[in-house]
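A.B. asks: Take a look and give me a structure for this.
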Amino acid sequence: MLDRVLVLSVFIVASCGLAYELIAGALSSYLLGDSVLQFSSIIGCYLFAMGVGSHLSQYVKDEDTLARFIDIELLVGLIGGLSAAILFMVFTWMATPFRTVLYALVFVIGMLVGMEIPLVMRVLNARKAGFKELVSRVLTFDYLGALAVSLLFPLVLAPKLGLTRTGFLFGMLNAGVALYTAYIFRRELSAFRMQTIRAAMILGLLLLGFAASDQLTRWSEKGLFGDDVIHAETTPYQRLVVTKWKDDLRLYINGNLQFSSRDEHRYHEALVHPIMQTLPWARRVLVLGGGDGLAAREVLRYPQIEQVTLVDLDPAMTGLFARSGPLVALNRGSLTDKRVSVVNADAGSWLETNTEQFDAIIADFPDPSNFGLGKLYSVPVYRLMARHLSENGLIVIQSTSPYYAARSFWCIDATLREAGFQTWPYHAYVPSFGEWGFIAAGKQPGFMPPDRYTLPMRFLDGDSTRLMFSFPADMQRVQVEPNRLNNQSLVHYFEKDWSQVIR
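C.D. replies: Numbering: from 1, shown residues only. Next up, the predicted model:
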């Protein structure tokens, strides 16, 4: 019976250990971007720390093994459980030491987790368990625990509980293991009373944190974004935050500003109308990304439009902008317009399997800050777009800043040309972002930017459009490689470009 309790605890502590690693990786990706770098460095630091912990476990005296296992469980539960909340608050209020705190926490948690399994094996070995059976049982439950949390974390825990509450939950599991183990082995523990009191106190603290985690997250995000957070949601794909200050609504995805209602008209008019004005015959339009419905809003202003297909990965995003009163007012109900079909799917996969043709394609993806997004700006995906574009149709790609991220901008242009398109890059000033870039492209040459607009505009006119297609000396073309899937050069350019921007 007692041996079964210890082996079962291995399943729980393995789940908890991997959960803290996943929380640190997801949180750092959310706050810092570049998920591959964050997860790789965190996994490496964590595994190294586990090795250090395994080495240190040999210095625990045999007679103290069980007591030290309980103490380590309490420490892992306390530090791991608080880790997400600590990292949120450090990033919000003391951004400079964030990486130091991040890797310090990962190392300490990894070191403590690395001591757990050797100590459990020593306790079981002292009970005369057969060595082959001992190793088999412990490692089997260790790997099963890792499998369980690796499936639950992205599908249930992160989207349903959020990162902070998930951290507190697994901290409570660690503390629960310590408390239950102390109770089961109470006759063998000389400091049973004190360990029980410590376990109860830590469990109570983590339970309080679990109950207050939403408030802690809102407090941290208010400090991070500055304005009142009116909606915050962690989906299986991203963290969505909507803020409000006076009449200004702002959307953040994974901490990055997507639009401000005060000047989004500049961005979306520049994105949509230079190509749509030159396609008076267009009837069918494909919008890739743009789950906020703002690009679709501009497209629907043209009376000849019969169908808009909007493909966005996240149903939580399109659902929010189809139901929330202030956001529906902003996009003028575009996502529930009878001419609009919303498809929640990966844009690349959808392009590969769908056979429809469109007169215009508007790609309004988030910036290529990681490899998952970078693939949407790649040569193969642009070739797929070409298959869906009518012979005389046009596409437009939001293309980050030609001023702050020149290599990224011109990489997108080079990628489109590599995919066989004729390109016409342009830019517009959006106060929330600065100078921002777009690239119009088509299969045929001869595109001429419009010198007037048949629809009333808040920002665009013939003169401003002419200037948008002219690049000053500090935004001229630079030589870069196209973005291919095997190297994802665009993601590397993007990281280097924006790391040099002084904020």
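A.B. asks: Surely Leu351 and Leu384 touch.
C.D. replies: Yes. Contact status for Leu351 versus Leu384: in contact at 3.9 Å, counting by C-beta atoms under 8 Å. No exception for glycine: its C-beta is placed from N, CA and C like everyone else's.
A.B. asks: Could you check which of these two is surrounded by more residues?
C.D. replies: In this comparison of Leu351 against Leu384, neighbours counted by other C-beta atoms under 10 Å, the higher total goes to Leu351 at 24 against 20.
A.B. asks: Can you classify that one by secondary structure?
C.D. replies: Local secondary structure at Leu351 is given as helix here, using DSSP: H, G, I helix; E, B strand; the rest coil.
A.B. asks: Tell me which residues touch it, please.
C.D. replies: With contact taken as C-beta atoms under 8 Å, 6 or more residues apart in numbering, Leu351 is in contact with Leu288, Val381, Leu384, Met385, Arg387, His388.
A.B. asks: Give me the subset of the residues you listed that lies in strands.
C.D. replies: The members of the contacts of Leu351 that map onto strands under DSSP state E are Leu288.
A.B. asks: from the contacts of Leu351, which would you call buried?
C.D. replies: With neighbours counted by 16 or more other C-beta atoms under 10 Å, the contacts of Leu351 contain buried members at Leu288, Val381, Leu384, Met385, His388.
A.B. asks: And the fourth one, what's its pLDDT?
C.D. replies: The score at Met385 is 97. That number is its pLDDT.
A.B. asks: what's the weakest-modelled helix or strand in this protein?
C.D. replies: For the chain, counting by mean pLDDT, DSSP states H and E, helix 213-225 ranks last in confidence among helices and strands (a mean of 71).
A.B. asks: which residues touch the following helix or strand past that helix?
C.D. replies: Toward the C-terminus, helix 213-225 is succeeded by strand 228-234 as the next helix or strand (DSSP states H and E). Taking C-beta under 8 Å, 6+ apart as the criterion, the residues outside strand 228-234 that touch it are 158-159, 162-163, 217-218, 221-222, 239-245, 316, 320, 324, 326.
A.B. asks: Can I have the buried ones of those as a ChimeraX selection?
C.D. replies: Restricted to the buried members of those, where burial is judged by 16+ other C-beta under 10 Å, the ChimeraX selection command reads as follows:
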select :158,159,162,163,217,221,222,239,240,241,242,243,316,320,324
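A.B. asks: Return the subset of the contacts of strand 228-234 lying in strands.
C.D. replies: Secondary structure assignment (DSSP E) places Arg239, Leu240, Val241, Val242, Thr243, Lys244, Trp245 from these within strands.
A.B. asks: List the residues that contact the fourth one.
C.D. replies: Put plainly, it is Val242. The neighbourhood of Val242, defined by C-beta under 8 Å, 6+ apart, consists of Val229, Ile230, His231, Ala232, Leu249, Arg250, Leu251, Tyr252, Leu320, Ser324, Leu327.
A.B. asks: Quickly list what it is bridged to.
C.D. replies: For Val242, the residues forming beta bridges with it (DSSP bridges) are His231, Leu251.
A.B. asks: Flag every buried residue along stretch 459-470.
C.D. replies: Phe459, Leu460, Thr465, Met468.
A.B. asks: what number of residues lie near Leu102?
C.D. replies: Applying other C-beta under 10 Å, we find 25 residues neighbouring Leu102.
A.B. asks: ok, it touching Ser28?
C.D. replies: Yes. With contact defined as C-beta under 8 Å, Leu102 counts as touching Ser28 (5.8 Å).
A.B. asks: Overlap of the contact sets of the two?
C.D. replies: Ile42, Leu87.
A.B. asks: Could you list the domains of the protein?
C.D. replies: Per the record's domain assignment (automatic domain parsing), the chain is made up of the domains 2-221, 224-258, 262-499.
A.B. asks: re the thing from before, list buried residues within the contacts of Val242.
C.D. replies: In the contacts of Val242, burial by neighbour count holds for Val229, Ala232, Leu249, Arg250, Leu251, Tyr252, Leu320, Ser324, Leu327, counting by 16+ other C-beta under 10 Å.
A.B. asks: which one of those residues sits closest to Tyr180?
C.D. replies: Compare each of these with Tyr180 using C-beta to C-beta and the shortest gap goes to Ala232, at 34.5 Å.
A.B. asks: now the closest one: how far from Ala85?
C.D. replies: Remark: distance between Ala232 and Ala85 (C-beta to C-beta, to the nearest Å) = 15 Å.
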